[in-house]
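>>> all I have is the shape, not the residue letters:
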């Protein structure tokens with residue numbers, strides 16, 4: 001890097017969480033030139049020391065003034081914190097990549113997966129939203145298929161890891177599993193979601209509720225998958241051109257979301273081999289699809305990797321133009337930290353690490 005003044009001042013907001021700790025690691029291994037790193041968290045984490053490229057960095061309490069002189073913010077500190085602090089960061093001249101749902105549906109905020117819609121970054125007003133983890137891996141796999149064959153409909157069922165609900169949910173799963181194996185009662189205080197009245201054990205169980213229920217019977221996670229997919233692909237969260245529906249289920253694993261994706265393409269002559277060929281060439285996708293040798297994606301083998309893994313590609317013989325596939329990715333990396341850092345890499349490459357001057 002040479003002269004330190006050649007890089008950017010980067011702040012990570014929510015630096016101690018499951019995603020924040022991975023943002024630090026992904027940033028270390030990225031092409032973003034970092035002149036100085038600021039690690040920001042709540043007051044209870046302030047004073048802790050983390051490492052960045054072998055240097056000790058003391059965690060500071062996040063306040064509006066934390067963003068003085070900051071060029072780039074990577075945020076994963078929860079929606080209410082983002083809503084409160086990111087507009088302050090933008091006022092200080094920082095460009096923010098936010099991993100919460102706070103700004104995703106704001107029409108002024110680009111919702112970006114670099115492999116899919118990098119061009120949306122050019123329209124940013126200081127804040128860029130990272131999509132939901134389950135949306136990211138599905139759209140990374142579907143976008144190249146849509147580009148080649150058209151996309152009419154998507155029906156997805158998810159198998160989502162505990163870490164998607166944060167480090168505390170992952171700890172709860174481990175505690176419950178240990179208790180159950182000892183023949184003890186399992187205590188649940190977090191899952192399915194902190195924001196609801198009742199809590200149920202996830203260990204040795206399946207919870208068909210991620211986030212709170214909407215009035216229409218869908219959970220907010222399902223709502224997110226439907227509307228984020230439309231916004232990313234069609235630039236309109238309510239677009240009718242692609243029909244999308246989702247069932248989201250929390251499963252008792254640590255890291256790595258699985259998704260059973262049923263999709264219908266416009267070109268009815270498409271074969272499974274055609275789709276596999278497109279996925280083989282698709283950026284960010286690894287095809288693991290050899291049923292004869294029992295080769296298919298698994299959360300255990302996807303953990304710690306940046307790619308999205310796809311297998312079990314096969315036609316629906318009852319419906320021409322329809323297919324099934326199985327999609328797995330590390331929900332804390334491509335689903336969160338890596339996608340955010342990857343956006344930062346593209347912002348740097350496209351010279352977009354600056355807040356646009358409002359036209360008067």
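Looks like it arrived, so ask away. On a predicted model such as this, the values are computed, not experimentally measured, just so you know. Numbers count the residues shown, from 1 in each chain.

>>> got the domain boundaries for this structure?
If you go by automatic domain parsing, the domain ranges for the chain are 4-130+337-349, 135-331.

>>> reformat those as JSON lines; add mean neighbour count, mean pLDDT and distance to residue 355.
For the C-beta atoms, the positions are set from N, CA and C on the backbone; glycine is no exception. JSON lines is the format used below for the domains of the chain (neighbours: other CB atoms under 10 Å; pLDDT from 0 to 100; distance: least, CB to CB, whole Å):
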{"stretch": "domain 4-130+337-349", "mean neighbour count": "19", "mean pLDDT": "96", "distance to residue 355": "4"}
{"stretch": "domain 135-331", "mean neighbour count": "18", "mean pLDDT": "98", "distance to residue 355": "22"}
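
>>> mind putting the ones you listed in a markdown table, distance to residue 356 included?
Shown next, in a markdown table, are the domains of the chain (distance: least, CB to CB, whole Å):
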| stretch | distance to residue 356 |
| --- | --- |
| domain 4-130+337-349 | 6 |
| domain 135-331 | 19 |
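
>>> quick check: nearest residue in space to residue 284, chain neighbours excluded?
What sits nearest to residue 284 in space, not counting adjacent residues and going by CB to CB, 6 or more residues apart in numbering, is residue 115, at 4.5 Å.

>>> which strand or helix spans the one you found?
Per DSSP states H and E, residue 115 falls inside helix 114-117.

>>> what's the first helix or strand after that helix?
Downstream of helix 114-117 (by DSSP H and E), the next one is strand 127-129.

>>> distance from the chain centre to that next one, please.
13 Å (CA atoms, centre = their mean, to the nearest Å).

>>> and it, what other elements does it pack with?
On a contact count with 3 or more CB pairs under 8 Å, 6 or more residues apart in numbering; DSSP states H and E, strand 127-129 meets helix 79-91, strand 95-98.

>>> figure out which of those is closest to residue 277.
Closest of these to residue 277 is strand 95-98, at 32.7 Å (criterion: CB to CB).

>>> strand partners (parallel or antiparallel) of that closest one?
Take DSSP bridges as the rule and strand 95-98 pairs in its sheet with strand 72-75 (parallel), strand 127-129 (parallel).

>>> ok, then the element right after the last one?
Moving toward the C-terminus from strand 127-129, the first helix or strand encountered (DSSP H and E) is helix 133-149.

>>> give me the packing partners of that next one, helices and strands only.
With contacts taken as 3+ CB pairs under 8 Å, 6+ apart, helix 133-149 sits against helix 114-117, strand 153-160, helix 220-234, strand 257-264, helix 272-281, strand 285-287, strand 308-315, strand 322-329.

>>> Throw these into TSV and include distance to residue 103, thanks.
As requested, the helices and strands packed on helix 133-149 are exported to TSV (distance: least, CB to CB, whole Å):
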stretch	distance to residue 103
helix 114-117	16
strand 153-160	22
helix 220-234	12
strand 257-264	22
helix 272-281	31
strand 285-287	27
strand 308-315	24
strand 322-329	23
